[in-house]
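Asker: I would like to see how this sequence folds:
(one chain, ligands or ions: 6)
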Amino acid sequence: MGGFPLPLLALVLAAWPAWPAGGDPDTPAHVDGAPPAKIAVVGAGIGGSATAHFLRQHFGPEVQVDVFEKGEVGGRLATMTVNHNDYESGGSIIHSLNLHMQEFVKQLGLKYRRNVAGKTAIFNGKDVILEETDWYLLDLFRLWWRYGISFIRLQMWVEEIMEKFMRIYKYQAHGYAFSSVEELLDSLGGSGFINMTRRPLSDSLLELGVSQRFIDEVIAPVMRINYGQNVSIPAFVGAVSLAGAQNNLWAVEGGNKLVCSGLLKMANANLLQAHVSSISPVSSGEALQYQLNYTTTEGNGSEVYDIVVLATPLQASVEPGLHFQGFSPPFDQPPGHYHSTIATIVHGYLNTSFFGFPDPRLFPFASVLTTDAPSLFFNSVASVCPVNISAGFRRKQPQEAGVYKVFSPQLLEKPQLKTLFRSYYSVQVTEWQAYPHYGSNQRLPPVELQPNLYYLNGIEWAGSAMEMSSVAAKNIALLAYHRWNRQTDMLDQRDLMHRIKTEL
Ligand SMILES: *[C@@H]1O[C@H](CO)[C@@H](O)[C@H](O)[C@H]1NC(C)=O
Ligand SMILES: *[C@@H]1O[C@H](CO)[C@@H](O)[C@H](O)[C@H]1NC(C)=O
Ligand SMILES: *[C@@H]1O[C@H](CO)[C@@H](O)[C@H](O)[C@H]1NC(C)=O
Ligand SMILES: *[C@@H]1O[C@H](CO)[C@@H](O)[C@H](O)[C@H]1NC(C)=O
Ligand SMILES: *[C@@H]1O[C@H](CO)[C@@H](O)[C@H](O)[C@H]1NC(C)=O
Ligand SMILES: *[C@@H]1O[C@H](CO)[C@@H](O)[C@H](O)[C@H]1NC(C)=O
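Answerer: Numbers count the residues shown, from 1 in each chain. Ligands and ions are numbered 1, 2, ... in the order given. Got it, this is the predicted structure:
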């Protein structure tokens with residue numbers, strides 16, 4: 001699918017360094033003059049690490065930034081070792097227009113991982129119904145022949161949405177922040193964007209004039225590999241992932257999680273390997289602070305913070321042990337649950353007969369996406385490349401033993417593995433609470449839970465992607481900074497496109 005207008009990208013990149021680290025030097029201090037002494041971030045995935053980094057940028061070198069992580073730094077960005085190589089087992093691809101991620105990689109001195117070409121097919125349980133060729137134009141002709149105008153309509157729709165979405169980088173570069181996901185979306189794409197978080201993708205596409213066949217055969221497989229769900233997911237998250245279905249994706253050499261550990265180091269944050277068990281408000285005079293109680297392997301601890309950012313999904317299915325104590329009115333876990341997706345990494349021989357290719361040497365595909373066919377027990381299977389790719393690396397041929405990643409809604413049973421693979425050396429399984437289980441008409445969770453208490457992962461209900469978390473991280477850092485300094489003129493401003501033009 002197509003690219004984005006380059007001039008826009010260049011413009012945004014050029015605007016990037018315009019905002020000095022630490023914010024505007026003329027900024028008035030907190031009303032009582034004191035900057036915050038201690039800030040806590042709960043969660044060290046991409047959202048939490050990026051928040052720590054941006055908080056440091058805006059609040060300066062003095063504030064103590066503690067980051068709590070009960071598992072591994074990186075969260076849903078994780079790797080797994082197979083046969084002496086590491087492979088991404090969670091979030092694996094980064095959209096080319098993720099300007100925050102690009103900036104992180106640059107600042108951290110990390111490298112882009114080389115892209116090893118491989119073709120994609122779409123399988124309906126019986127036949128391969130669509131296959132990628134070597135020649136992009138030929139693909140366009142095939143799509144045109146099979147789906148008519150659908151493809152072009154879809155491409156224009158996605159580009160228009162992404163172009164509007166890209167405004168966020170300008171707003172953020174000028175220091176503007178939003179107190180809710182709705183305000184943020186509204187500033188980018190008006191009520192149309194908010195409506196897109198509430199209506200099914202399939203409705204939006206049908207209304208555009210995209211054919212049902214195209215939805216079933218192209219859109220559904222992309223939603224299945226990206227979100228493990230069908231085309232009833234909201235249109236906004238659908239559009240985000242269709243933008244990500246383009247060719248220009250990238251990953252980080254050595255593993256995407258290196259961005260998280262790098263950001264924490266660059267932010268000079270204290271990493272606490274601890275599970276936060278409770279959070280409770282404490283008032284000392286005028287100021288409202290928060291006490292976090294936590295458990296480490298050495299025992300329990302307790303600490304009081306001026307500002308707290310929760311950068312982990314608060315749903316009980318993900319964070320069963322985090323209790324909100326002493327809030328009035330009582331604070332409840334947000335509704336909904338996370339969608340469980342199983343990532344199975346198999347080292348073995350793919351059974352290409354299953355896809356109608358009895359001779360594996362004639363099987364030309366590296367990835368197989370699937371339609372929403374009831375008989376299928378998996379969402380996708382793909383030959384994967386290690387996180388470190390040496391100069392002489394080549395992808396394994398289907399007649400050789402290779403490393404494959406299978407996404408499925410349930411654990412694969414032995415007979416299923418034996419259907420998909422002729423034989424295998426090893427099988428490793430990760431069960432992810434991967435992304436929200438989307439329903440239409442879902443309200444987006446709040447960003448500001450209480451004064452100086454923020455929640456990052458609500459953004460995932462608009463769209464779950466590294467890009468979205470990075471944008472939310474920057475927004476929360478700016479929001480916390482402006483709230484602390486009572487700069488309400490930087491919050492929830494309308495007509496920002498116009499304002500920014502006149503500011504320049
Ligand atoms: C979004 O939905 C609201 C309420 O249904 C409607 O008034 C508004 O016109 C819609 N916006 C767009 C751009 O379609
Ligand atoms: C999509 O999945 C949901 C359950 O997650 C189901 O209720 C809905 O009917 C499905 N929609 C389609 C179009 O298959
Ligand atoms: C993989 O790449 C990372 C980042 O470039 C590097 O730090 C690491 O040493 C590499 N590992 C191997 C085994 O080459
Ligand atoms: C947190 O720990 C402190 C000190 O150990 C204790 O006094 C307080 O009751 C604890 N709070 C909660 C909500 O458990
Ligand atoms: C640590 O805190 C938990 C509650 O979060 C409590 O159940 C446990 O008894 C405490 N352990 C110690 C050693 O105080
Ligand atoms: C491979 O797939 C074919 C076709 O579905 C099936 O008949 C066969 O049992 C599978 N397993 C092996 C080991 O070939």
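Asker: contacts, neighbours, all on C-alpha from now
Answerer: Will do.
Asker: does the strand with the most length in the chain reach ligand 2?
Answerer: The residue-count maximum for a strand in the chain (DSSP state E) belongs to strand 421-436. No - using Cα under 6 Å from any ligand atom, strand 421-436 stays clear of ligand 2, with a minimum separation of 11.1 Å.
Asker: so Leu478 touches Ala177, yeah?
Answerer: Yes - at 5.8 Å, Leu478 counts as touching Ala177 under the criterion of Cα atoms under 8 Å.
Asker: OK, now which residue of the stretch 301-450 of the chain is nearest to ligand 3?
Answerer: The nearest approach of the stretch 301-450 of the chain to ligand 3 comes at Asn388, 4.7 Å away (Cα to the nearest ligand atom).
Asker: wait, I meant the chain
Answerer: Residue nearest to ligand 3 within the chain: Gly254 (3.5 Å; Cα to the nearest ligand atom).
Asker: so that residue is in which element?
Answerer: Per DSSP states H and E, Gly254 falls between elements, in no helix or strand.
Asker: surely it touches Arg114?
Answerer: No - in this structure, Gly254 is not within contact of Arg114 by Cα under 8 Å, at 10.9 Å.
Asker: between the two, who's got more neighbours?
Answerer: Applying other Cα atoms under 10 Å to Gly254 and Arg114 shows that Gly254 carries more neighbours, namely 20 against 17.
Asker: tell me the contacts of that one?
Answerer: Listed by Cα atoms under 8 Å, 6 or more residues apart in numbering, the contact partners of Gly254 are Arg113, Val387, Asn388.
Asker: neighbour-wise, which of the residues you listed leads?
Answerer: Val387 (21 neighbours).
Asker: next one: it from Leu310, what distance?
Answerer: To Leu310, Val387 is 29 Å away according to Cα to Cα, to the nearest Å.
Asker: pLDDT value on the residue of the stretch 301-450 of the chain closest to ligand 3, please?
Answerer: Note on Asn388: pLDDT of 93.
Asker: and it, how far is that from Gly91?
Answerer: The gap separating Asn388 from Gly91 is 16 Å, by Cα to Cα.
Asker: what about Cys297, how many residues nearby?
Answerer: Cys isn't right for residue 297; it's Thr. 8.
Asker: leaving aside the residues adjacent along the chain, what's closest to it?
Answerer: Counting by Cα to Cα, 6 or more residues apart in numbering, the nearest residue to Thr297 once its immediate chain neighbours are dropped is Ala274, at 7.7 Å.
Asker: give me phi/psi at the one you found?
Answerer: Main-chain dihedrals, Ala274, degrees, to the nearest 10: phi -150, psi 150.
Asker: now stretch 363-375: mean pLDDT?
Answerer: Here stretch 363-375 scores 94 as its mean pLDDT.
Asker: can you tell if that stretch touches ligand 6?
Answerer: No - judged by Cα under 6 Å from any ligand atom, stretch 363-375 and ligand 6 are separated, with a smallest distance of 11.8 Å.
Asker: how long is that stretch end to end?
Answerer: Span of stretch 363-375 from end to end, Cα to Cα: 22 Å.
Asker: which of the residues in that stretch are buried?
Answerer: Phe363, Pro364, Phe365, Ala366, Ser367, Val368, Leu369, Thr370, Thr371, Asp372 (16 or more other Cα atoms under 10 Å).
Asker: neighbours around the nearest residue to the second one once chain neighbours are set aside, how many?
Answerer: Which is Pro364. The spatially closest residue to Pro364, leaving aside those adjacent along the chain, is Lys119, at 6.9 Å (Cα to Cα, 6+ apart). For Lys119, the neighbour count with other Cα under 10 Å is 14.
Asker: any idea what Lys119 is bridged to?
Answerer: For Lys119, the beta-bridge partners are Phe365 (DSSP bridges).
Asker: hang on, isn't it packed against Asp139?
Answerer: No - at 11.5 Å, Lys119 does not count as touching Asp139 under the criterion of Cα under 8 Å.
Asker: could you name every residue contacting both of the two?
Answerer: Common contacts of Lys119 and Asp139 (Cα under 8 Å, 6+ apart): Glu132, Thr133.
Asker: what's around the closest residue to ligand 4 within the stretch 351-500 of the chain, how many residues?
Answerer: As assessed by Cα to the nearest ligand atom, ligand 4 sits closest to Leu453 within the stretch 351-500 of the chain, at 16.1 Å. Neighbours of Leu453 under the rule other Cα under 10 Å: 20.
Asker: contact partners for it?
Answerer: Ile307, Val308, Val309, Leu310.
Asker: give me the residue from the protein nearest ligand 1.
Answerer: For the chain, Cα to the nearest ligand atom, closest residue to ligand 1: Gly192, 3.6 Å.
Asker: sec struct for that residue, please.
Answerer: With DSSP: H, G, I helix; E, B strand; the rest coil as the basis, Gly192 sits in helix.
Asker: returning to what we had before: just the contacts of Gly254 now: which is nearest ligand 5?
Answerer: Using Cα to the nearest ligand atom, Val387 comes nearest to ligand 5 of the contacts of Gly254, at 37.3 Å.
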